[in-house]
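Undergrad: Turn this into a model:
(2 chains, ligands or ions: 2)
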Amino acid sequence: MRFSGLRVLKEGLTGNKGWGPHWRDPEPKAEYDAIVIGGGGHGLSTAYYLARNHGLTNVAVLEKGYLGGGNVGRNTTIVRANYFLPGNSEFYSHSLKLWEGLEEDLNYNVMHSQRGLINLFHSDGQRDAFARRGNAMINQGDDAILLDREGVRRYLPYLDFDNARFPIYGGLYHPRGGTARHDAVAWGYARGADRRGVDLIQNCEVTGIDIENGKVTGVQTTRGSIRARKVGIVVAGRSGQVAAMAGMRLPIESHVLQAFVTEGLKPVIDHVVSFGMGHFYISQSDKGGLVFGGDLDFYASYAQRGNLPMAEHVMEAGMTLMPMLGKAKVLRSWGGIMDMTPDGSPIIDRTGVEGLYLDCGWCYGGFKAVPASGWCMAHLMATDSPHEVAAGFRLDRFRSGIGLMDEEGTGAQHNLH
Amino acid sequence: MRITCPICGERDRREFYYVGDAVLLERPDPEAGEAAWDDYLHNRDNPAGDTRDLWSHEGGCGAWVVVTRNTVTHEVLATELASDVAADLREARP
Ligand SMILES: Cc1cc2nc3c(=O)[nH]c(=O)nc-3n(C[C@H](O)[C@H](O)[C@H](O)COP(=O)(O)OP(=O)(O)OC[C@H]3O[C@@H](n4cnc5c(N)ncnc54)[C@H](O)[C@@H]3O)c2cc1C
Ligand SMILES: [Zn+2]
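TA: Ligands and ions are numbered 1, 2, ... in the order given. Predicted coordinates:
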């Protein structure tokens, strides 16, 4: 089934009776060439690119719940390429280019909307830091425009520019930044992988990893044992637990991150606005809800819900930045489990076990990474060597101290990112 | 979430600063080698369930507190002064 404007029109006129399921619901086979553990954004894109780029189609994705039920369906959907450090810059730049061709490639509407991202600054020192970041983005081939106060006012007239603590001095504008429909990204990759022959196995929790003589031979699951010579661990917040099945301890602490959405409103916020000093960011979904969030709750958690102090903090920061927010009613809040690394950057690497690969440490920024992470993880699993744009995401950088990628410059320490 | 400081009593979580896994009290010998230091600084058990972590009562008495907590329910199960825990660890060391 291919989607097209004509097809939508035809189905609309004939009662929408012709649509079928987007993917099969197969029984697990006894053996695959490769297994991807985790049916989130990264696991699904890994499976898709294994098939699309490397011709590996005898592949299974094993998901303990339902596809897209994890963070990929819980995030605030910001897609951007505004990183500063070599290692991160080229990776997120590659990812944004993949986003720009994604809907055509998948034949799926992921509602990728390049509405522009504006990061606000509030002091001369911060302006310098953002100018430097903007230059790094331009050097990488991406787009960045430094806006002064009046420049920001043209786009975001509703902000409180004269807040006593954080007066707005300007902003770094990244026109190609924006948002996408998170569920649709998971569904689009799932459908694309399925159509190329990948088995998507839901309600299938991996409970053990089989290793013989230092090589991976398969996995134990709640739906029986499955053999494979290549296994990728792509389970985001659960990375530590799945890696423990292979006897590994990871440089990861799982933390909860919350998000909030208001009732649907008429269009009011056209961009993604980020207020770093208040740990607050906001955009408006196509349904009209104002989608916003803040920082981690900042303690290890697997709860998928946060506590009230951070909720209060986020509301206060929002009111500080845009007092009009006080008129909107919050509809829902939720949380997701973030796989935090000490330096805040991810890991795509081999492990000490032959055939066992790791894709994790996405912290609170892994949605935008979904295309490039799958692309690079598939490359790693298929060729056993890292892809050039993910060459910096080494697991041993923490032990050696060489190649740490600490964007915030606060130190490679667990409670600082 | 409310945390009972052994000195000040039960207080709002906002009075405390989270530092991380209580493994931080078990600092290895300077010569213990790369692997020991990597484990101490970076690698974590990261359990879904009961865990012990280190908080500082920075908005109160300033004490370091070891909190036994459930990471799934957020229930706080026990708190001890980190200085007591560290003294016990020193005693247990051969
Ligand atoms: C509130 C919030 C806001 C965010 N905002 C943004 C944002 O604006 N921009 C951005 O770029 N990123 C954002 N993120 C981060 C982003 O969502 C994550 O980094 C990313 O989704 C993680 O990768 P994933 O999609 O593969 O994870 P998930 O969707 O969590 O996938 C992991 C899957 O593994 C499965 N699994 C776990 N254990 C097992 C097992 N033993 N066996 C089988 N399956 C298993 C899980 O069920 C899950 O489906 C946000 C996250 C949250 C929570
Ligand atoms: Zn106290």
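Undergrad: quick one: is the longest helix along chain B near chain A?
TA: In chain B, with assignment by DSSP state H, the single longest helix is helix B:82-92. No - using Cβ under 8 Å from any Cβ of the partner chain, we find that helix B:82-92 stays clear of chain A, coming within 15.1 Å at best. Heads up, the C-betas are built off the backbone N, CA and C, glycines and all.
Undergrad: Can that helix be said to contact ligand 2?
TA: No - counting by Cβ under 5 Å from the ion, ligand 2 is not contacted by helix B:82-92; separation bottoms out at 11.5 Å.
Undergrad: Please save the CA atoms from that helix in PDB.
TA: The C-alpha coordinates for helix B:82-92 follow below in PDB (Å, rounded to 0.1, in the frame of the first residue of the first chain):
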ATOM      1  CA  ALA B  82      26.900   9.700  54.900                       C
ATOM      2  CA  SER B  83      29.500  10.200  57.600                       C
ATOM      3  CA  ASP B  84      28.200   7.200  59.500                       C
ATOM      4  CA  VAL B  85      28.200   5.100  56.300                       C
ATOM      5  CA  ALA B  86      31.700   6.200  55.400                       C
ATOM      6  CA  ALA B  87      33.000   5.300  58.900                       C
ATOM      7  CA  ASP B  88      31.400   1.800  58.600                       C
ATOM      8  CA  LEU B  89      33.100   1.400  55.200                       C
ATOM      9  CA  ARG B  90      36.400   2.400  56.600                       C
ATOM     10  CA  GLU B  91      36.100  -0.100  59.400                       C
ATOM     11  CA  ALA B  92      35.100  -2.900  57.100                       C
END
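Undergrad: Closest to the centroid, which residue in chain B?
TA: residue B:54 (2.3 Å; Cα atoms, centre = their mean).
Undergrad: Pretty sure that residue sits against residue B:17.
TA: No - Residue B:54 sits out of contact with residue B:17 when judged by Cβ atoms under 8 Å, with a separation of 9.6 Å.
Undergrad: All the helices of the chain, residue numbers only.
TA: Picking chain A for this. A:5-13, A:41-54, A:89-106, A:124-139, A:149-155, A:182-195, A:239-244, A:308-321, A:370-383, A:397-400.
Undergrad: um, chain B though
TA: Counting by DSSP H, the helices of chain B are B:34-41, B:82-92.
Undergrad: Take the ones you listed and lay them out in TSV including mean pLDDT.
TA: What follows is the helices of chain B, written out as TSV (pLDDT from 0 to 100):
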stretch	mean pLDDT
helix B:34-41	95
helix B:82-92	94
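Undergrad: Show me which of those has the highest average neighbour count.
TA: Counting by mean count of other Cβ atoms under 10 Å in any protein chain shown, helix B:34-41 has the highest mean neighbour count of the helices of chain B, with a mean of 15.
Undergrad: Please tell me the pLDDT value assigned to residue A:417.
TA: We have a pLDDT of 87 for residue A:417.
Undergrad: for it, what are its contacts?
TA: Taking Cβ atoms under 8 Å, 6 or more residues apart in numbering or on different chains, we find residue A:417 in contact with A:340-344, A:363, A:406, A:408, A:410.
Undergrad: Tell me how far it lies from residue A:252.
TA: 11 Å (Cβ to Cβ, to the nearest Å).
Undergrad: which neighbours do these two share?
TA: A:340-341.
Undergrad: now the residue in chain B positioned nearest to ligand 1, nearest residue through space, not along the chain?
TA: Nearest residue of chain B to ligand 1, counting by Cβ to the nearest ligand atom: residue B:48, 10.1 Å away. Excluding its sequence neighbours, the residue lying closest to residue B:48 (Cβ to Cβ, 6 or more residues apart in numbering or on different chains) is residue A:302, at 4.2 Å.
Undergrad: pretty sure that neighbour is in contact with residue B:71, am I right?
TA: Yes - the pair residue A:302 and residue B:71 passes the contact test of Cβ under 8 Å, sitting 4.9 Å apart.
Undergrad: what residues are shared contacts of those two?
TA: A:254, B:48.
Undergrad: one step back: of the helices of chain A, which approaches ligand 1 most closely?
TA: Nearest of the helices of chain A (Cβ to the nearest ligand atom): helix A:41-54, 3.2 Å.
Undergrad: Which strands and helices lie in contact with that closest one?
TA: Packed against helix A:41-54 by the contact rule (3 or more Cβ pairs under 8 Å, 6 or more residues apart in numbering or on different chains; DSSP states H and E) you find strand A:34-37, strand A:59-62, helix A:182-195, helix A:370-383.
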